[in-house]
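Trainee: what's the 3D shape of this:
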Amino acid sequence: MNESKWIFSKWLREGELIGELKGELRNRKETAQEMFVDGENIFKIRKYSKLPDKDLADVLRGLPKDIQTKYNLTTN
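Mentor: Numbers count the residues shown, from 1 in each chain. Below you'll find the predicted structure:
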């Protein structure tokens, strides 16, 4: 395999890996969102979504105010 094909193949594999990781993160955030909407306990949401608190707060900020209030999050 010549060098340019090898480099392209490497970039392609790296791109696929990045895509998989972004998809996994999106799925975790969607799981957390659904759990917030269902009123699940924050500890359970953290356990099953495997998201750090910062990402959980970002997900919650994107939800309606009544749901944010249940979790004592206030945004301005």
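
Trainee: can you count the residues close to residue 31?
Mentor: Each residue near residue 31 was counted by other Cβ atoms under 10 Å, and the total is 16. Every residue, glycine included, has its C-beta placed from N, CA and C.

Trainee: where does residue 64 fall, phi/psi-wise?
Mentor: Note on residue 64: backbone dihedrals following degrees, to the nearest 10 are phi -60, psi 150.

Trainee: so where's the chain shaky on pLDDT?
Mentor: Applying pLDDT under 70 to the chain flags residues 1, 74-76.

Trainee: the longest helix seen in it: which residues count as buried?
Mentor: If you go by DSSP state H, the chain has its longest helix at helix 3-37. Using 16 or more other Cβ atoms under 10 Å as the burial criterion, the residues of helix 3-37 that qualify are 28-29, 31-33, 35-36.

Trainee: who are the neighbours of it, in terms of helices and strands?
Mentor: Helices and strands touching helix 3-37, by 3 or more Cβ pairs under 8 Å, 6 or more residues apart in numbering; DSSP states H and E, are helix 42-49, helix 53-61.
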